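Undergrad: here is the input, now give the coordinates:
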Amino acid sequence: MIDADEMADAAALQRITLWALGHYSPIVAVDAPDGIIMDTEGADHLQGGEAPMLTGIANRFRGKGLNVRIAIADTWGAAHACARAINRDTVIIPRGGTARAVERLPVSLLRLPAKTVGDLRTLGFRTIGELANTHRAPITLRFGPAVGRRLDQTFGRLSEPIDPVRNPDLIEVSRSFQEPIGAAETIDKYVGRLVVQLCEELQRRGLGVRRADLIVDKVDNTRQAIRAGTAKPARDVTWLTKLFRDRTEKIEPGFGIEKLTLVAVMSERLEEVQKASSLIEEDAKDITPLIDVLGNRGSRVYRFAPVPSDVPERSVRRISAASDSVVATWSHHWPRPVRLLPYPELVEVIALMPDHPPVSVNWRGKRRKVKRADGPERVFGEWWVRNSELEAVRDYFIIEDETGERLWVYRAGDGVDAATGSHKWFVHGIFA
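TA: Sure, this is the predicted structure:
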C-alpha cells in the first residue's frame with residue numbers, strides 16, 4: 001500500500017478523458033473521482049457498434065494494466081451507477097431498461113453527498129428503487145431538491161447535459177444564433193460555412209483533419225454530436241462539407257438550435273502537393289473518398305499486411321485502408337489458403353501417424369474422403385512469444401476431398417511426443 005496522490009490521479013483521469021475524446025466520442029467529460037462519461041450516440045458506429053466499442057475500450061485498458069468497468073445506458077446517472085455495480089467488464093442496458101437496471105442498486109450510487117447517503121440509510125432506504133417509490137415531498141422537505149433531481153436525472157425525466165472536456169490545442173470554430181434554427185437547409189448552410197472556417201485554420205497551421213465533430217447545442221440545454229472521419233488528412237472544403245451533410249439528417253433540432261460548433265479532434269501534418277501537368281491523362285486511383293463514405297456509414301474498412309511469423313494466425317495484421325504500400329512480403333515456400341478461418345476448428349480424422357496425411361476428415365457434420373494430399377509442412381512454436389511454445393509444433397497438410405474442395409488441416413504435435421502437442425486435428429483454412 002502507498003499513500004494516495006489525489007492530484008496525480010485527477011491529472012491522469014484528465015489525460016484519459018482527452019484520449020477518449022479523440023478515439024471514441026465527441027462529448028466526453030470527467031466523472032470524478034474515478035471515471036469518465038461519454039455520449040457515444042453519434043460515434044459508436046465508427047467502432048462497429050456498442051458491443052465492439054465496449055470490448056475495444058476494455059481491451060485497451062487491460063493492455064495498460066488497468067482494471068475498468070464500462071456501462072452503456074440511456075442516462076448519465078444510470079451508466080454511472082451500473083458501471084460501479086457490475087462484477088464484469090462491460091454491460092449494455094437496453095433502451096427503456098433503466099428503471100429495471102438501477103432499482104436494486106444502493107442509494108450510494110446516486111451521486112449524492114456522503115452525509116445525505118448516510119441519513120437516507122438511517123431512515124431505512126437501501127436501494128434506489130425504494131427511494132424512487134417513496135413520496136417526494138417528505139424527502140425534499142428534509143434533504144432539499146438534490147435527491148429528487150438525481151432520481152429524475154437517473155431515470156431520464158430530467159436532462160443532464162455533459163459539458164465536454166476541451167484540449168486547448170484543438171482547432172475549433174463555432175456559430176451562435178440569435179434566433180434558433182431548425183430547418184435542414186439552414187443547418188446545412190451554416191455547417192458549410194463552419195467547414196470553410198475550419199479548413200482556413202487548418203491550412204494556416206499546415207494540418208489536415210482526420211476526425212472532426214459537429215456539436216449541436218439546443219435551446220433546451222441538450223447537446224447532440226455528429227462525428228466524421230477521414231482515411232487520410234484532409235482539408236478539402238467540398239469533401240468535408242459533403243461528409244457532414246450526408247449525416248446532418250440525423251440531427252434532431254427539437255425546439256431549435258442555438259449554437260453549432262465544429263472541432264478538429266484529430267489532425268495531422270498535410271503539405272501542399274503540386275500536381276504535375278501532363279498531356280497524358282492519368283487514371284485516378286485514389287479510393288480515399290470511397291473509404292471515407294463507407295467508414296462514416298459504420299463499415300470497418302482495413303487492409304492486411306504481412307508479419308514475419310511462421311504461425312499463420314500471427315502472420316497478418318490489420319492496417320489502415322489508406323496506409324502507404326507495404327514493402328514486406330510473405331516468404332513461405334508452401335502455398336497458403338485464400339481464406340484463413342478466424343479460429344482453427346477441431347475435426348475428427350483417420351490418419352496413420354506420425355507423418356501420413358488424413359485418409360478421411362469429418363468436418364462440420366460432413367465426412368470427406370481424402371483423394372489427394374500434400375505435406376507435412378512443419379511449423380514450430382515461437383518460444384519468444386510464449387514459454388509453453390518451446391517444444392510445440394504443428395504439421396500442416398493440404399488435402400482434397402472427392403468433391404474437389406481443398407482444405408488446410410494440421411495436427412497439433414509431431415505425432416510421437418506428447419510434449420509437442422495434443423495430436424488433435426484442426427481445419428485452419430480453405431483453398432480456392
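
Undergrad: can you give me the helices for the protein?
TA: Per DSSP state H, the chain carries helices over the ranges 6-23, 50-63, 76-85, 98-102, 114-122, 128-132, 136-143, 146-155, 184-205, 237-245, 288-296.

Undergrad: quick check: most distant residue from the centroid of this structure.
TA: Of all residues in the chain, L352 sits farthest from the chain's C-alpha centroid, using Cα atoms, centre = their mean; the distance is 46.6 Å.

Undergrad: most tightly surrounded among the helices of the chain?
TA: Ranked by mean neighbour count under mean count of other Cβ atoms under 10 Å, these are led by helix 76-85, which reaches a mean of 22. All C-beta atoms are positioned from the backbone trio N, CA, C, and that covers glycine.

Undergrad: show me what that helix is packed against.
TA: Applying 3 or more Cβ pairs under 8 Å, 6 or more residues apart in numbering; DSSP states H and E, one finds that helix 76-85 contacts strand 35-39, strand 70-72, helix 98-102, helix 146-155.

Undergrad: tilt between it and strand 35-39?
TA: Using axes from the mean of the first three to the mean of the last three Cα atoms, to 10 degrees, the interaxial angle of helix 76-85 with respect to strand 35-39 works out to 140 degrees.

Undergrad: where does the protein have its least confident helix or strand?
TA: helix 288-296 (a mean of 73; mean pLDDT, DSSP states H and E).

Undergrad: render the CA-only coordinates of that one in PDB, please.
TA: Extracted C-alpha coordinates of helix 288-296, given in PDB (Å, rounded to 0.1, in the frame of the first residue of the first chain):
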ATOM      1  CA  THR A 288      -9.900   7.500 -50.200                       C
ATOM      2  CA  PRO A 289     -13.300   9.100 -50.800                       C
ATOM      3  CA  LEU A 290     -14.900   5.700 -51.000                       C
ATOM      4  CA  ILE A 291     -13.200   4.600 -47.800                       C
ATOM      5  CA  ASP A 292     -14.400   7.800 -46.100                       C
ATOM      6  CA  VAL A 293     -18.000   7.200 -47.200                       C
ATOM      7  CA  LEU A 294     -18.000   3.500 -46.100                       C
ATOM      8  CA  GLY A 295     -16.200   4.300 -42.800                       C
ATOM      9  CA  ASN A 296     -18.700   7.100 -41.800                       C
END
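
Undergrad: can you name every helix or strand that it contacts?
TA: Taking 3+ Cβ pairs under 8 Å, 6+ apart as the contact definition, the neighbouring helices and strands of helix 288-296 are strand 223-234, helix 237-245.

Undergrad: so can I have JSON lines of these showing mean pLDDT and distance to P113?
TA: Below are the helices and strands packed on helix 288-296 laid out as JSON lines (pLDDT from 0 to 100; distance: least, Cβ to Cβ, whole Å):
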{"stretch": "strand 223-234", "mean pLDDT": "84", "distance to P113": "27"}
{"stretch": "helix 237-245", "mean pLDDT": "87", "distance to P113": "42"}
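
Undergrad: quick one: the ones you listed as JSON lines, columns for distance to Y396 too.
TA: Formatted as JSON lines, the entries for those read as follows, by distance: least, Cβ to Cβ, whole Å:
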{"stretch": "strand 223-234", "distance to Y396": "36"}
{"stretch": "helix 237-245", "distance to Y396": "45"}
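
Undergrad: so which of the ones you listed gets nearest F397?
TA: Closest of the helices and strands packed on helix 288-296 to F397 is strand 223-234, at 39.9 Å (criterion: Cβ to Cβ).

Undergrad: between that closest one and helix 184-205, how many degrees?
TA: Regarding strand 223-234 and helix 184-205, their directions subtend 40 degrees when assessed with the same axes, to 10 degrees.

Undergrad: columns distance to R314 on top of the helices and strands packed on helix 76-85, output as TSV?
TA: Below are these laid out as TSV (distance: least, Cβ to Cβ, whole Å):
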stretch	distance to R314
strand 35-39	33
strand 70-72	28
helix 98-102	40
helix 146-155	46
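
Undergrad: contacts only, for the closest residue to the residue farthest from the centre of the chain other than its chain neighbours.
TA: In space, L352 comes closest to V359 once its chain neighbours are excluded; the distance is 7.6 Å by Cβ to Cβ, 6 or more residues apart in numbering. Contacts were defined as Cβ atoms under 8 Å, 6 or more residues apart in numbering; by that measure V359 touches 350-352, 369-370.

Undergrad: cool, A32 as well?
TA: When contacts are counted by Cβ under 8 Å, 6+ apart, A32 touches 10, 13.

Undergrad: hey, what's the nearest residue to V370 once chain neighbours are set aside bridged with?
TA: Spatially, and ignoring its direct neighbours in sequence, V370 is nearest to I399 (4.9 Å; Cβ to Cβ, 6+ apart). Following DSSP bridges, I399 is listed with bridge partners A373, L407.
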